[in-house]
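>>> structure, please.
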Amino acid sequence: MIEFLRHKRVFFSIVVLLTILTLFTSISINYIKEKRDELLFSKKLTEIEFMKANLTNLILQKQKSTIAIGLAIANDKFLSQKIEDGVIQKDYYSQLTKNLKKYTLYKNIWIQILDKNATSLYRSWTSRRGDNLIAARKDLKGMLDLKEVSFSVSLGKFDLSLKAMIPIFNNGKFVGVVEVISHFNSISKQLEQYGIHSVVLLKKEYKQKLLYPFTQIFLDNYYIANFNAPLKEREYLKSNGIENYLNDNYKIENGYLIVSYPLKNVHSDNIAYYIMFTKVDTLSSLDSDFIMFKGGAYILIIFMSLAIITSTLLFYRNKKQRKYYKKIIDSSNNIVLINNNELLVSVNKVFFRYFKEFKSIEEFKNKHRCICDFFVDAEGYLSKNIEGEFWINYLVNNPNNTSKVKVLIEDKEYYFLANASLISEDSQDYSVVLSDITLAEKYKIELEKLTITDSLTGIGNRRYFHQHLKEKIASAKRYEYDLGIIMLDIDNFKIVNDTYGHDVGDEVLKEYSKLIFSDLRENDIFCRIGGEEFMIILPHVNAEEAFKVANKLRERISSSKKIVAITMSFGVTEYIRGEEMDFIFKRVDSALYEAKNSGRNRVVVK
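Alright, predicted model coming up:
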């Protein structure tokens with residue numbers, strides 16, 4: 001009887017142990033699956049950002065090259081005269097387009113020349129000419145008003161394309177525009193190197209504007225703008241409903257990761273979508289093998305009763321799991337970090353490609369607690385603490401935001417897209433993925449600078465002035481501080497050009513711009529808005545103080561005699577609470593007009 005009870009207790013103990021092990025196994029498998037799914041989701045998000053960043057980079061590269069070609073053409077000393085004569089030979093750019101096709105990636109560059117009224121005098125791809133485009137092309141109207149270099153995604157009579165527009169001058173007089181038009185085919189071809197196939201779709205409401213569709217490829221009522229759009233992907237869109245993919249979003253279906261990227265014109269209207277397809281790059285097979293292996297191990301555990309064997313197997317599982325996840329993050333092309341609250345815990349191999357002075361995570365942690373020690377505080381980029389949160393918490397709490405960081409490593413600047421997720425609530429471990437977008441971001445910064453900088457003087461242009469005046473008015477209204485505005489104009493500048501020539505006139509503009517700029521504060525904004533017209537925005541300065549600034553500049557200019565002696569007239573005003581920007585501009589323009597009419601070389605306040 002005693003022996004029976006003893007065996008019964010042993011049997012009961014084994015059942016309890018096996019029950020506990022079974023429950024633990026089930027919980028562990030579910031935990032592993034959850035972490036696997038989180039890792040795969042994070043990887044897919046990274047892939048989506050990679051696809052968008054790649055496309056942005058390629059578009060920026062092409063736009064920059066297109067602008068460079070346009071600038072070279074605009075400097076043709078014979079072209080401006082041909083435009084004024086209204087005659088450009090049919091084969092004028094045939095050799096140039098052949099050379100571009102032979103020696104560059106751009107196999108199909110189009111060139112169009114228009115006169116100052118937006119009448120087409122020459123198209124390299126067709127004999128059609130003589131039609132006026134001002135009514136059909138809002139972007140052209142903007143060019144004729146501003147007379148500045150611009151680029152955009154544009155829809156014309158022939159195609160959806162990337163278009164650079166360069167103003168052409170003859171002895172300082174605006175005579176016309178050169179347009180360099182490039183297409184999406186080379187971009188699609190370059191994306192194929194990354195396993196990404198693309199279809200560029202014009203929204204159907206714009207179809208009627210295409211009078212002579214270049215590719216002649218349509219999908220229902222949607223125009224396809226790239227010749228090399230794969231048939232398989234086109235048929236997929238048609239069979240699954242094109243409208244389902246016309247948004248700034250992504251889908252994962254039928255083995256595809258499909259990412260839609262909106263293409264906007266110069267007025268920020270969505271006119272088309274760049275739809276990218278790639279095979280879903282998952283770790284599913286590797287994960288399945290891993291889970292199966294673990295499942296087998298847990299079955300063995302269930303049939304083992306000795307605690308020491310169970311402990312050994314658990315230790316083996318944890319060790320294997322750590323190696324497995326380490327292998328995954330080391331295979332990434334992006335920086336992958338594990339942070340515990342504000343302390344860096346682990347990194348992958350890519351981390352050391354950037355932080356080359358450190359050989360191990362221990363070396364790094366001897367000097368730094370966090371990678372955020374290398375963040376550069378700049379507008380539009382993450383800082384260590386943002387909106388009252390530590391940067392990783394901000395990323396986790398704002399998953400729909402596109403967050404970028406600017407990092408300075410050994411005097412070299414890098415830019416990254418940043419994503420983060422919580423991987424353990426108990427230990428407060430976070431995973432962070434940093435995707436390098438340095439090249440794309442630098443191109444973007446350079447191109448933005450190109451569009452807001454006056455090419456002659458190097459100061460802000462009219463667009464830059466309007467952008468910053470709007471911002472400063474909003475800030476002055478919100479924080480209730482004074483805002484002074486000065487408008488200045490060179491007196492009798494036409495006489496300078498007529499007497500000494502336009503080259504000397506240009507030097508006068510450059511030298512006196514430098515003189516004025518050197519007398520302003522760091523946070524003052526100085527822009528050239530027209531031929532010899534300039535504007536100055538003075539935050540925290542009222543009209544009386546702005547008058548003193550203007551009068552000091554007037555005296556310095558009249559006594560300077562750089563290049564040739566000149567004088568300048570000044571109009572001064574200040575922002576009145578609640579008024580619109582147009583009223584300020586009209587008031588300061590009226591003040592300048594009065595200064596001119598009352599004898600020049602003086603300052604008038606209104």
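
>>> show me what the helix or strand that contains residue 275 is packed against.
Secondary structure from DSSP states H and E places residue 275 in strand 270-279. If contacts are counted by 3 or more C-beta pairs under 8 Å, 6 or more residues apart in numbering; DSSP states H and E, strand 270-279 sits against helix 2-74, strand 150-155, strand 197-202, helix 231-240, strand 256-264. For every residue, glycine as well, the C-beta is placed using N, CA and C.

>>> quick check: bridge partners of residue 180?
Counting by DSSP bridges, residue 180 is bridged to residue 111, residue 164.

>>> hang on, it packs against residue 110?
Yes: using C-beta atoms under 8 Å, residue 180 is in contact with residue 110, at 7.5 Å.

>>> the more surrounded of the two?
Neighbours around residue 180 and residue 110, counted as other C-beta atoms under 10 Å, are more numerous at residue 180. The numbers are 28 against 21.

>>> which ones are touching the residue nearest to residue 211 when sequence neighbours are not counted?
Distances taken as C-beta to C-beta, 6 or more residues apart in numbering put residue 157 closest to residue 211, at 4.4 Å, once the chain neighbours are dropped. Neighbouring residues of residue 157 by C-beta atoms under 8 Å, 6 or more residues apart in numbering: 133, 136, 209-212.

>>> domain map for this structure?
Per the record, the chain has its domains at 76-182, 185-279, 333-438, 453-605, by automatic domain parsing.

>>> what is the least confident helix or strand in this structure?
helix 284-302 (a mean of 45; mean pLDDT, DSSP states H and E).

>>> next up, the contacts around residue 57.
437, 439-440, 443.

>>> if you rank these by neighbours, which is first?
Counting by other C-beta under 10 Å, top hit in these: residue 437 with 23 neighbours.

>>> so what's it up against?
53, 56-57, 404, 415-417.

>>> what packs against the strand or helix carrying residue 573?
Secondary structure from DSSP H and E places residue 573 in strand 568-574. For strand 568-574, the packing partners by 3+ C-beta pairs under 8 Å, 6+ apart come out as strand 483-490, helix 543-560, helix 581-597, strand 603-605.

>>> show me what the second one is packed up against.
Helix 543-560 sits against strand 483-490, helix 502-518, strand 533-539, strand 568-574, strand 603-605, with contacts defined as 3+ C-beta pairs under 8 Å, 6+ apart.

>>> for residue 380, find the nearest of the ones you listed.
Residue 380 lies closest, by C-beta to C-beta, to one member of the helices and strands packed on helix 543-560: strand 533-539, at 20.1 Å.

>>> give me the contacts around the closest one.
465, 468-469, 472, 475-476, 481, 483-489, 513, 516, 520-521, 523-529, 545-546, 549, 588.

>>> so where is the stretch 51-200 of the chain shaky, pLDDT-wise?
Scanning the stretch 51-200 of the chain for pLDDT under 70 picks out the ranges 105.

>>> distance of the residue nearest to residue 356 when sequence neighbours are not counted relative to residue 354?
Distances taken as C-beta to C-beta, 6+ apart place residue 410 nearest to residue 356, at 7.5 Å, with adjacent residues excluded. With distances taken as C-beta to C-beta, to the nearest Å, residue 410 is found 9 Å from residue 354.

>>> neighbour count: the two, which is higher?
residue 354 (18 against 9).

>>> could you find the closest non-adjacent residue to the more buried one?
residue 409 (5.6 Å).

>>> which residues does that neighbour contact?
Here residue 409 is in contact with 354-355, 374 (C-beta under 8 Å, 6+ apart).

>>> tabulate the residues you listed in JSON lines, adding columns for pLDDT, secondary structure and distance to residue 77.
JSON lines is the format used below for the contacts of residue 409 (pLDDT from 0 to 100; DSSP: H, G, I helix; E, B strand; the rest coil; distance: C-beta to C-beta, whole Å):
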{"residue": "354", "pLDDT": "94", "secondary structure": "helix", "distance to residue 77": "47"}
{"residue": "355", "pLDDT": "94", "secondary structure": "coil", "distance to residue 77": "52"}
{"residue": "374", "pLDDT": "94", "secondary structure": "helix", "distance to residue 77": "49"}
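
>>> what about the contacts of residue 57, which are in helices?
439-440, 443 (DSSP state H).

>>> and the contacts of residue 157, which of them are buried?
133, 210 (16 or more other C-beta atoms under 10 Å).

>>> quick check, nearest of the contacts of residue 157 to residue 504?
residue 133 (36.0 Å).

>>> what sits closest to the closest one if chain neighbours are left out?
residue 118 (5.0 Å).

>>> can you check residue 557 too?
residue 568 (5.1 Å).

>>> avg pLDDT for stretch 588-601?
The pLDDT scores in stretch 588-601 average 95.

>>> which residues touch it?
Against stretch 588-601 from outside (C-beta under 8 Å, 6+ apart): 485-489, 491-492, 535, 554, 558, 567-573, 602-606.

>>> again, only using 6 Å
The contact list for stretch 588-601, computed with C-beta atoms under 6 Å, 6 or more residues apart in numbering, reads 485, 487, 489, 491, 567, 569, 571-573, 602, 604, 606.

>>> neighbour-wise, which one of those leads?
Highest count within these by other C-beta under 10 Å belongs to residue 572, 30 neighbours.

>>> I figured that residue was touching residue 549, is that so?
No: counting by C-beta atoms under 6 Å, residue 572 does not reach residue 549; the two are 8.4 Å apart.
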